[in-house]
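1. turn this into a model:
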Amino acid sequence: MTPLWTAAEIAAATGGTASGAFTATGVAFDSREVGSGDLFVALAGEHSDGHRHLTQAFVQGAAGALVSQDCDGPHVRVADTTVALDDLARAARARTDATVIGVTGSVGKTSAKEALWAALDRAHPGAVHRSVKSYNNHTGVPLSLARMPRESRFAVLEMGMNHPGEIAALTRLVRPHIALVTAVASVHIEFFPHEEAIADAKAEIFEGLEPGGTAVIPFDNAHRDRLAAAARAHGARVVTFGDGDGDGDGADVRATEVMRSAMGGSFVTVRLGAKADERELSFTLAQPGAHHVSNALGVLACVDAAGGDLGLAGLALAEFGGLPGRGARFTATVTGGTALVLDESYNANPASMRATLAVLAEEPGRHVAILGQMGELGVDSAVYHLDLAGPITAAHVQAILLVGEAMTPLAAALERKVNVVHVPDADAAAAVARLPGLIRAGDAVLVKGSNAVGLARVVAALRGET
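-> You can find the predicted model right below:
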């Protein structure tokens, strides 16, 4: 493999001292994920110190380590490994000629990041770098940058936050040429006075835009104008995505037709640009739901801004299925046959709950919802949970399993309308989900909740893995 870093390059980037020559083909800070040839970054966190796992990292094949303490193996020693990881990220960003795209948003950012990677990789296989999993915080973003091959043509990097100022720090590392905001909603509202403040925190991504950069923002979001003003204040060209009509009004990248496809996804016709140079693209989106259509429009806007191939991007979106915990679908064996499971177990907030319940509403068969409580909603948590009653009723849910204490108001509101089971945690939910009666043959089952609830255990139970 082409070396990602040499010991000399690491030392130069971080101001550290190398014990000797070595080359690394990857970077990791979780000793459990270290592979052959990796540079192991020994981060000192609140609950664990990577220096305690140096032996394990070298046994697993680490080529060297970035340390701030004594180390018997090949290493570069620095004063602070967290600062050094940021320095390595800056060096990786400085040496690349890639077109860098930053992605943030209250909902859909990981799915958009993965879809954007797939859309660009279709035209440039192997030349598109992306952050893995949901590595979008103060350690995940610099790690993703440090992993970027120097020959990359594109890079897609996700940035998240739950407090003001966090994205500002991340975007100055990423320095995107294109910045996508998928949506703004009342996520992490516990830490903000109002939703406008969340919009401002998301708009921090524009602070790191390279000169002449492009801001891609949702046309239909209530905070569109606020986002656009923030982007223009940093010299960005603003491109909007969302609804439109046949006369070219609406968003710059607009869906003029959306139909449910025979395969269960959506057939979408999109128009891009002003009337003078308007282009049209029709494609099949593998996943159903208005929120997936919105994400796809944002992806196409980014591909277009990056000078990518829109036709190949459309083909990639047709093949892009749901991610585990974020829209993956599978068939579960139940008494008398099988049921369709919509795995949205990774996370939840009021906006994404409504969006996925709307998808469930379109599925054939009896509808079952297994919903975990939503976190970080502050003093109005009970109101946000209670407000799910309307979307649940509209989705024609006939049996519902609610998980967590915060679901108590919703359980009380629904008990006379639908078959309700309310349990305290995911283990209890997994046990109930396996019992005959809740889920029947032919059902469509939505599993969704905040990640802290752990509904992945329910999904594993329905897959027969536990």
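2. only C-alpha atoms for contact and neighbour calcs from this point on.
-> OK.
3. now the helices for the stretch 201-350 of the chain?
-> Using DSSP state H, counting those that start in this stretch, the helices of the stretch 201-350 of the chain run over 224-233, 290-305, 310-319, 350-361.
4. in a markdown table: those, plus mean pLDDT, distance to residue 143 and mean neighbour count.
-> Listed next are these as a markdown table, based on pLDDT from 0 to 100; distance: least, C-alpha to C-alpha, whole Å; neighbours: other C-alpha atoms under 10 Å:
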| stretch | mean pLDDT | distance to residue 143 | mean neighbour count |
| --- | --- | --- | --- |
| helix 224-233 | 98 | 26 | 18 |
| helix 290-305 | 96 | 23 | 24 |
| helix 310-319 | 95 | 27 | 20 |
| helix 350-361 | 95 | 28 | 20 |
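5. need those helices in JSON lines (columns: distance to residue 332).
-> Compiled in JSON lines, these are given as follows (distance: least, C-alpha to C-alpha, whole Å):
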{"stretch": "helix 224-233", "distance to residue 332": "41"}
{"stretch": "helix 290-305", "distance to residue 332": "24"}
{"stretch": "helix 310-319", "distance to residue 332": "22"}
{"stretch": "helix 350-361", "distance to residue 332": "16"}
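6. okay, now the unreliable bits of the stretch 51-200 of the chain?
-> The stretch 51-200 of the chain contains no residues with pLDDT under 70.
7. spell out, range by range, the helices that occur in it.
-> With DSSP H, counting those that start in this stretch as the criterion, the stretch 51-200 of the chain has helices spanning 54-59, 81-95, 109-121, 140-146, 166-174, 195-203.
8. rewinding a little: which one, of the helices of the stretch 201-350 of the chain, ends up nearest to residue 266?
-> Of all the helices of the stretch 201-350 of the chain, helix 290-305 sits nearest to residue 266, with 7.7 Å by C-alpha to C-alpha.
9. what's the closest non-adjacent residue to the most centrally placed residue in the chain?
-> Using C-alpha atoms, centre = their mean, the residue of the chain that lies closest to the mean C-alpha position is residue 110, 1.5 Å off. Nearest residue to residue 110 in three dimensions, chain neighbours excluded: residue 134, at 6.4 Å (C-alpha to C-alpha, 6 or more residues apart in numbering).
10. might one say that the one you found is in contact with residue 158?
-> Yes: with contact defined as C-alpha atoms under 8 Å, residue 134 reaches residue 158; the gap is 7.5 Å.
11. overlap of the contact sets of these two?
-> Counting by C-alpha atoms under 8 Å, 6 or more residues apart in numbering, the residues touching both residue 134 and residue 158 are residue 110.
12. now do the SS call for the closest residue to residue 188 other than its chain neighbours.
-> Using C-alpha to C-alpha, 6+ apart and skipping residues adjacent in sequence, the residue nearest residue 188 is residue 376, 4.9 Å away. Three-state call for residue 376 (DSSP: H, G, I helix; E, B strand; the rest coil): coil.
13. any low-confidence regions in the stretch 201-350 of the chain?
-> 244-249, 276.
14. for the residue nearest to residue 110, what are its contacts?
-> 110, 140, 158 are the contacts of residue 134 under C-alpha under 8 Å, 6+ apart.
15. residue 226: which of the residues you listed is nearest?
-> The closest of these, once distances to residue 226 are taken by C-alpha to C-alpha, is residue 158, at 21.2 Å.
16. how many other residues sit next to the closest residue to that closest one other than its chain neighbours?
-> In this structure, residue 158 finds its nearest non-sequential neighbour in residue 103, 4.7 Å apart by C-alpha to C-alpha, 6+ apart. Using other C-alpha atoms under 10 Å, residue 103 has 28 neighbouring residues.
17. so residue 103 touches residue 177, yeah?
-> No: using C-alpha under 8 Å, residue 103 is not in contact with residue 177, being 11.1 Å away.
18. which helix or which strand is home to residue 383?
-> Using DSSP states H and E, residue 383 sits in helix 381-386.
19. helices or strands next to that helix in the packing?
-> Judged by 3 or more C-alpha pairs under 8 Å, 6 or more residues apart in numbering; DSSP states H and E, helix 381-386 is in contact with helix 408-414.
20. residues in contact with the helix it packs on?
-> Helix 408-414 has contacts (C-alpha under 8 Å, 6+ apart) with 382, 385-389, 402, 420-422.
21. which of those residues ranks first by neighbour count?
-> Using other C-alpha under 10 Å as the neighbour criterion, residue 402 leads these with 26 neighbours.
22. my guess is it meets residue 372, correct?
-> Yes: counting by C-alpha under 8 Å, residue 402 touches residue 372, with 5.9 Å between them.
23. in three-state terms, label the closest residue to residue 354 other than its chain neighbours for me.
-> Leaving out its chain neighbours, the residue that sits closest to residue 354 by C-alpha to C-alpha, 6+ apart is residue 391, at 6.0 Å. In the three-state summary, residue 391 is assigned as helix, counting by three-state DSSP.
24. I figured residue 391 hits residue 351, correct?
-> No: counting by C-alpha under 8 Å, residue 391 does not reach residue 351; the two are 10.7 Å apart.
25. hang on, the earlier thing: right, and the helices of the stretch 201-350 of the chain - which one's nearest residue 340?
-> helix 350-361 (10.4 Å).
26. counting contacts, what elements does that closest one pack onto?
-> helix 389-394, strand 444-448.
27. contacting residues around it?
-> Residues outside helix 350-361 that contact it (C-alpha under 8 Å, 6+ apart) are 107, 185-187, 288-291, 344, 367, 374, 384-385, 388, 391-392, 394-397, 444-446, 448.
28. whichever of the residues you listed end up buried, select them in ChimeraX.
-> Command for ChimeraX, covering only those of the contacts of helix 350-361 found buried under the criterion 16 or more other C-alpha atoms under 10 Å:
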select :107,185,186,187,288,289,291,344,367,374,384,385,388,391,392,395,396,397,444,445,446,448
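29. measure the residue nearest to residue 175 when sequence neighbours are not counted to residue 159 for me?
-> What sits nearest to residue 175 in space, not counting adjacent residues and going by C-alpha to C-alpha, 6+ apart, is residue 208, at 4.8 Å. Residue 208 is 12 Å from residue 159, where distance means C-alpha to C-alpha, to the nearest Å.
30. again, but for residue 319
-> Distance of residue 319 to residue 159, computed by C-alpha to C-alpha: 25 Å.
31. was I right about residue 251 contacting residue 242?
-> Yes: between residue 251 and residue 242 there is a contact at 5.4 Å, judged by C-alpha under 8 Å.
32. and the helices of the stretch 51-200 of the chain as CSV, adding distance to residue 229?
-> Converted to CSV, the helices of the stretch 51-200 of the chain look like this (distance: least, C-alpha to C-alpha, whole Å):
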stretch, distance to residue 229
helix 54-59, 47
helix 81-95, 27
helix 109-121, 21
helix 140-146, 26
helix 166-174, 16
helix 195-203, 9
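33. residue 47 should be in a strand, yeah?
-> No: with three-state DSSP as the criterion, residue 47 is located in coil rather than a strand.
34. thanks again, I'm all set now.
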